[in-house]
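> Here you go, sequence then predicted model.
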Amino acid sequence: MALVTYQRLDLLYDELRVLVLQPGEGDAPISAYLTPTTLHSNLPYEALSYVWGDPCVTRSIQLRAMDNMNFLGVEVEVQITTNLESALRHLRLKDRSRTLWVDALCINQNDPDEKVHQIRNMGDIYRKASSVCMWLGEEANDSDAAMELIHLYRDDDPDWRRLPQTKNWSRHCKALTYLVCRPWFTRRWIVQEIALAPCSVIYFKGWLCSNEHLQSWLTGVGHIVSIQTALNAIARDRFPALSMLLKIFQSKYVTNPRDAVYALLSLSKERQLGQPNIDYTAGILDVFRNTVELSVRVNETLDIICQSFGLGPCEHELSWVPRFYTKFRDCACRKENDLPGEGYPYRSESPYSTSGSSKPEANFNGHKLVAKGFLIDRVRNILEPEIRTALSLEIPLSWKEAVLSLDAICIDGGNRGHEALATDHASKFSAFWRTLVTDRVPGSPKNNKAPKNWHRACEKWCNGDMVVPQYSSAFEARKRRSCLSLIFVAIWRSTYDRRFMVTGMNRIGLGPKMLKEGDLVCVLLGCSVPVILRPATDPALAGCYYFIGDAYVHGIMDGEVVTRLEAGDYTPEDLVII
């Protein structure tokens, strides 16, 4: 690439380059040239969506650049990744040229200013393309089999249970498995490439056939589902919050961890309301930190700090900043499900309102988050973890016994002497089962609280072995027409990677997996759920706290603490989170 003579683009006029792919076929060398244009011109072009591939495994093409009138320099041999070479070879036409926008070639990768500008305009580049060519890759054979199965599934009879009875089912299934597991489906950039495209065309040639594995199928289908989830979110809200997109695509692959954020900016509410700073020279954690600050400022909520990515130690600098890319291992601190989305990443609003209608009062001071809030309780006991397998989980009987043995359970936001207490068996048991399901109906579009008629079903279940079978979805549970099956879905989701806790004031709840006795329960203004903070033990950090994660704390999830301010139960204070 260094040998290509790139004319500097006029970034003030939103110039870009397009690749004019010369005609050819078969094994003939690939030849092309680069020519400048602008986003405002009428020059038609197609945009390529593909996986770069291993940069160390390359093939050569013949390439030269030109300005508006003349060729610059001579045609040179350029090394590109094998997947890109394969895409260009299959996309070129026999008898005429084809104009494409291809990021690896059309952007001068050695010019940081140009790279930042082009990435900032990536949404418009794909939006103004006549179509997007989705190159899934070239592998072995049997491509027709996958497409045959897709067409069978799209027939008027949607009963997929009949598909195994169709001819060549095994061959079809293997082919489709390897199709959905191709690397293209794992890329984070593809969401904007297909969501913004006026027209999309899929190109691929065959794939490898071998014994498929269930996990491969589930992984591949999961990638497709995440893409569709994002498209559904964009259909409902043209520019969804960046935090929602980050949650949907947390497992999608990027080469540069900074692109975990930058790949989604063009689709986001943040991009439309204010120009986010794209800076590839900034540290990765600085990019993530700036993303949090931007999200809080634009959306007026602190919920983004509760998003969960990765797994690792808790007590570290920038504990309040999610690691928005799970493969970024410098410091990845959280894995458990975050409560604000209640396990459903397409939700734009939290089902909870712990801080009422308050807005965040937060300052971002370097690597510190200074947020106004209330320290309301301290974790006293952490109960033994549940036993979880692939097909079931078992809630320990000790959880129920510990709750029912309490003299009283605090069930509101009051402080000592002003709190509402549950003292009889029925009230204490109600607090227990509502905590197990985080007091919400899974998948409810209106964030409905768990209904009273769940009490009897939970009581009957708790008198047994307290084993929860696996259900794949709330939809499947509803088909069984049993409130207990829906309860099981809620318990499975709510307790995942969480610890059952009892606080000093006899509150009960579910905290992060890394919860410790002595951790503090806190309500931050502008955050829809309670959070767990841990005091720093280093004398140099006296008065500072580490962010451990969010929590469900029964009795304070619907603004009860905020209503107690006028009674003087709590005094807001600046909490310094590091």
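Structure received. Numbering: from 1, shown residues only.
> how about low-confidence regions in the stretch 451-578 of the chain?
471-481 (pLDDT under 70).
> and with 90 instead?
Applying pLDDT under 90 to the stretch 451-578 of the chain flags residues 464-465, 469-486, 489, 493, 496-497, 513-514, 565-569, 571.
> now do the stretch 301-450 of the chain
Scanning the stretch 301-450 of the chain for pLDDT under 90 picks out 307-318, 322-350, 366, 388-392, 416-418, 442-448.
> chain center to stretch 118-127: distance?
Stretch 118-127 sits 21 Å away from the centroid of its parent chain (Cα atoms, centre = their mean, to the nearest Å).
> Residue 250 reaches residue 324, doesn't it?
Yes - with contact defined as Cβ atoms under 8 Å, residue 250 counts as touching residue 324 (7.0 Å). C-beta: built from backbone N, CA, C; applies to glycine.
> residue ranges for the helices of the stretch 451-578 of the chain, please.
Applying DSSP state H, counting those that start in this stretch to the stretch 451-578 of the chain gives helices spanning 454-462, 474-479, 483-495, 560-563.
> For the third one, buried residues please.
Applying a neighbour-count criterion of 16 or more other Cβ atoms under 10 Å, the buried positions in helix 483-495 are 483, 485-495.
> hmm, back to that, want to try CSV for the helices of the stretch 451-578 of the chain, with distance to residue 515 as columns?
Shown next, in CSV, are the helices of the stretch 451-578 of the chain (distance: least, Cβ to Cβ, whole Å):
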stretch, distance to residue 515
helix 454-462, 23
helix 474-479, 27
helix 483-495, 13
helix 560-563, 20
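> Can you say which of those is nearest to residue 317?
Ranking those by proximity to residue 317 (Cβ to Cβ) places helix 560-563 first, at 28.8 Å.
> Residue 250 and residue 324: which has the busier surroundings?
residue 324 (28 against 20; other Cβ atoms under 10 Å).
> Regarding that one, which helix or strand does it belong to?
Assessed by DSSP states H and E, residue 324 sits outside every helix and strand.
> can you list the weak-confidence ranges in the stretch 51-200 of the chain?
Along the stretch 51-200 of the chain, segments meeting pLDDT under 90 span 51-56, 64-76, 109-113, 115-117, 119-124, 127, 134, 136-200.
> for it, what spans make up the strands?
According to DSSP state E, counting those that start in this stretch, the stretch 51-200 of the chain carries its strands in the segments 58-66, 71-81, 98-101, 131-138, 200-205.
> what sits up against the third one?
Right, strand 98-101. Outside strand 98-101, the residues that touch it by Cβ atoms under 8 Å, 6 or more residues apart in numbering are 16-21, 43-48, 88, 91-92, 125, 129, 133.
> Could I get the CA-only coordinates of it as CSV?
What follows is strand 98-101, C-alpha atoms only, in CSV (Å, rounded to 0.1, in the frame of the first residue of the first chain):
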residue,chain,number,x,y,z
ARG,A,98,-17.4,-1.8,-11.8
THR,A,99,-17.1,1.0,-9.3
LEU,A,100,-16.8,0.0,-5.6
TRP,A,101,-16.0,1.6,-2.3
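> In ChimeraX, how would I select the buried members of the contacts of strand 98-101?
In ChimeraX, a selection of the buried entries from those looks like this (16+ other Cβ under 10 Å):
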select :16,17,18,19,20,21,45,46,47,48,88,91,92,125,129,133
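> how about residue 61, what does it touch?
Contacts of residue 61 by Cβ under 8 Å, 6+ apart are 29-32, 77-78, 80, 85, 88.
> what secondary structure does the most centrally placed residue in the chain sit in?
Nearest to the mean C-alpha position of the chain, counting by Cα atoms, centre = their mean, stands residue 247 at 2.2 Å. Under DSSP: H, G, I helix; E, B strand; the rest coil, residue 247 falls in the helix class.
> Residue 118 against residue 109, yeah?
No - counting by Cβ under 8 Å, residue 118 sits too far from residue 109 to count as a contact (10.1 Å).
> Which of these two has more residues huddled nearby?
Higher neighbour count among residue 118 and residue 109: residue 118, with 23 against 13, using other Cβ under 10 Å.
> which one is the more buried one nearest to, not counting chain neighbours?
Take residue 118 and drop its neighbours on the chain: the residue closest to it by Cβ to Cβ, 6 or more residues apart in numbering is residue 107, 4.8 Å away.
> Could you do residue 18 as well?
Nearest non-adjacent residue to residue 18, counting by Cβ to Cβ, 6+ apart: residue 45, 4.7 Å away.
> Is the one you found in contact with residue 129, as I believe?
Yes - under the criterion of Cβ under 8 Å, residue 45 makes contact with residue 129 at 6.0 Å.
> List the contacts of the residue nearest to residue 118.
Residue 107 makes contact with 17, 114-115, 118, according to Cβ under 8 Å, 6+ apart.
> and the gap between it and residue 538?
Between residue 107 and residue 538 the computed distance is 45 Å (Cβ to Cβ, to the nearest Å).
> Quick one: the helices in the stretch 101-250 of the chain, in order.
Along the stretch 101-250 of the chain, counting by DSSP H, counting those that start in this stretch, helices occupy 103-106, 112-120, 122-127, 143-153, 169-180, 190-195, 214-236, 242-248.
> Next one: residue 236, what pLDDT does it get?
Confidence at residue 236, expressed as pLDDT, is 78.
> Give me the contact list for the helix or strand encompassing residue 432.
According to DSSP H and E, residue 432 maps onto helix 425-436. Residues outside helix 425-436 that contact it (Cβ under 8 Å, 6+ apart) are 395, 399-400, 403-404, 406, 409, 411, 422, 450, 454-455, 458-459, 462, 490-491, 494-495, 500, 508-510, 552, 554-555.
> Repeat that for stretch 8-22.
6, 30-40, 43, 45, 65, 88, 91-93, 97-102, 105-108, 111, 113-114, 117-118, 121, 124-125.
> rerun that using 7 Å as the cut-off
Residues from elsewhere that reach stretch 8-22, judged by Cβ atoms under 7 Å, 6 or more residues apart in numbering: 31-40, 43, 45, 88, 91-92, 97-102, 105-106, 114, 117-118, 121, 125.
> any chance of the contacts of residue 107 in TSV, plus distance to residue 546?
Shown next, in TSV, are those (distance: Cβ to Cβ, whole Å):
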residue	distance to residue 546
17	47
114	40
115	36
118	39
